[in-house]
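*Asks:* Sequence and predicted model, in that order:
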Amino acid sequence: MRFAFVTDELPRAGAAGHLAVNHAIIEWLQNSGHEVSVLLTRPRLRWPVESYGLAQVVGPDIRTWRQFVVAGTMRQAIGILARNLLSRFPAGAAGFLRRRFRARSYGSVDAVLGAFITPAQSAWCAAKILHIAPDGVLVDTIFRASLLQEHGLHHFNTVIGAPDLFYRRHQAMLAAGYKIYPPQLPREMEAGFLSAAKAIAAIQPDEAAEISAMCPGQRVCITTLSALPCPPPPGQIRLPGRLVFVGSDTLPNLDGLRWFFAEVWPNLRKGYPCATLDLAGDCGAEMGRLPAGVRRLGRVENLAEILHRARLAIAPLRVSSGLKIKILDYARHGLMTVMTPESLNGFAADTDAPFIVAADAAAFSSAIAFRLAEPDPRDAQRAFGYVEKHYNLDASFSGLKAALNI
């Protein structure tokens, strides 16, 4: 069978959560013998020329040559290079410039939940879908949903991804005092977008139930990232006192880290001075000056090396919806995670789950200090057992398999 997968950013393993899920879906389809074409709605690339071997990629503003995806115009290429150049600036200056550039498209906002597909992008994708005539069309989020209203697409089997209930995240961020794009995203608006598809792939059970209530006429399945255990190589030693956090530069990550550094880290270091933290991903570039003991790693090509050296992971999010894919990544690498109650949303309930929930700053600091001082040698097997039980391939993709009539 042949499928079209519509998104605005190349799916990648180990990247931001939704990109990792998209990558896993495409990889699962291809490993099952199906063909996938990625329809990239805009040239949101890491570099002007990028190697990408997962699947065929086409789009209105890109060119392809063998396994390379190329920005379609010189202006787009310069914009991509400029964004990369910002990462070399001091964190404060880089953050200021990013906000200035973002304001040109979205106004003066603290965060962008997503960019809606434009009429021109939608028309191009619709024409391409009609040309390749796939057996099914997968759309990554509500921000590409209006494509499904294009003339001629109604007879296709369509599935829209729901990696998040965006209206909930929108409400939480507004309540916290942040300015968000889009300026309005009520529950009814999200329900309308989701209802454009014949089936909806929710990321976790609680949100699947909510989506079923929002869209009673649509089929709802649960599709999440499978998390196969990845034990450390023989002889690998976890470093005493080493913590790890992996995250993109989304506002919930930044808000959680600011809280952690202001309310948790000083007390933790006072009681456990040898505690250190590896900060991996784009979140570090936005954090400005970091406190003593924290290393800013940026994007890491092989996260396994970082996760296998850590003793404990943290998830200090105060605003959360969807499913925190990086927490699954921690578990499949044998790590326990100290987390806020908000970070726990959506995970399979299990008395042996590799999670330590801390409701406030004092409890968070105490939980970390205790676990660092008295590590449990059974923690790794506890984490591996949890992901094997709840996030294996069958559990992750059986609902999507049925929705796609595979």
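*Replies:* Structure's in. What do you need? Residues are numbered from 1 along each chain as shown.
*Asks:* what about residue 266, how many neighbours?
*Replies:* 13 (other Cβ atoms under 10 Å). For every residue, glycine as well, the C-beta is placed using N, CA and C.
*Asks:* Report the secondary structure element holding it.
*Replies:* According to DSSP states H and E, residue 266 maps onto helix 265-271.
*Asks:* what lines up beside the very next helix or strand once past that helix in the sheet?
*Replies:* The helix or strand immediately downstream of helix 265-271 is strand 276-280, counting by DSSP H and E. If you go by DSSP bridges, strand 276-280 pairs up with strand 242-246 (parallel), strand 294-298 (parallel).
*Asks:* which stretch among those comes nearest residue 64?
*Replies:* Residue 64 sits nearest to strand 294-298 of all these, at 27.8 Å, using Cβ to Cβ.
*Asks:* Alpha carbons only: can I get that closest one in PDB?
*Replies:* Extracted in PDB, the C-alpha atoms of strand 294-298 (Å, rounded to 0.1, in the frame of the first residue of the first chain):
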ATOM      1  CA  VAL A 294      24.800  22.800  34.500                       C
ATOM      2  CA  ARG A 295      26.300  21.900  31.100                       C
ATOM      3  CA  ARG A 296      24.600  23.300  27.900                       C
ATOM      4  CA  LEU A 297      25.100  20.500  25.300                       C
ATOM      5  CA  GLY A 298      22.800  21.700  22.500                       C
END
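*Asks:* If you count neighbours, what's buried in it?
*Replies:* Residues of strand 294-298 classed as buried: residue 294 (neighbour count, 16 or more other Cβ atoms under 10 Å).
*Asks:* just how off-centre is it within its chain?
*Replies:* 19 Å (Cα atoms, centre = their mean, to the nearest Å).
*Asks:* Residues touching that strand, excluding its own?
*Replies:* Contacts to strand 294-298, defined as Cβ atoms under 8 Å, 6 or more residues apart in numbering, come from residues 87, 261, 265, 276-282, 284-285, 287, 290, 306.
*Asks:* Pick out the shakiest of the strands paired with strand 276-280, pLDDT-wise.
*Replies:* The stretch with the lowest mean pLDDT among these is strand 294-298, at a mean of 90.
*Asks:* before we move on, back to that, redo the strands paired with strand 276-280 as JSON lines? Include distance to residue 134.
*Replies:* Shown next, in JSON lines, are the strands paired with strand 276-280 (distance: least, Cβ to Cβ, whole Å):
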{"stretch": "strand 242-246", "distance to residue 134": "34"}
{"stretch": "strand 294-298", "distance to residue 134": "37"}
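*Asks:* right, and those strands - which one's nearest residue 39?
*Replies:* strand 242-246 (28.5 Å).
*Asks:* Tell me what angle the next helix or strand along the chain from that closest one forms with strand 294-298.
*Replies:* Using DSSP H and E, the next helix or strand after strand 242-246 towards the C-terminus is helix 251-259. With axes from the mean of the first three to the mean of the last three Cα atoms, to 10 degrees as the basis, helix 251-259 and strand 294-298 are set at 160 degrees to each other.
*Asks:* for helix 251-259, which positions count as buried?
*Replies:* 251, 252, 253, 254, 255, 256, 257, 259.
*Asks:* Show the low-confidence segments of the stretch 251-400 of the chain, by residue range.
*Replies:* 321-322 (pLDDT under 70).
*Asks:* What are the boundaries of the strands in it?
*Replies:* Listed in chain order, the strands of the stretch 251-400 of the chain (DSSP state E, counting those that start in this stretch) span 276-280, 294-298, 312-315, 337-339, 355-357.
*Asks:* re earlier: let me know which of the strands paired with strand 276-280 is the nearest to residue 183.
*Replies:* Evaluated over the strands paired with strand 276-280, closeness to residue 183 peaks at strand 242-246, with 30.1 Å, by Cβ to Cβ.
*Asks:* Centre of the chain to that closest one, how far?
*Replies:* 17 Å.
*Asks:* List the contacts of it.
*Replies:* Contacts of strand 242-246 (Cβ under 8 Å, 6+ apart): 257, 275-281, 283, 300, 303, 306-307, 309-316, 326, 329-330, 335, 368, 372.
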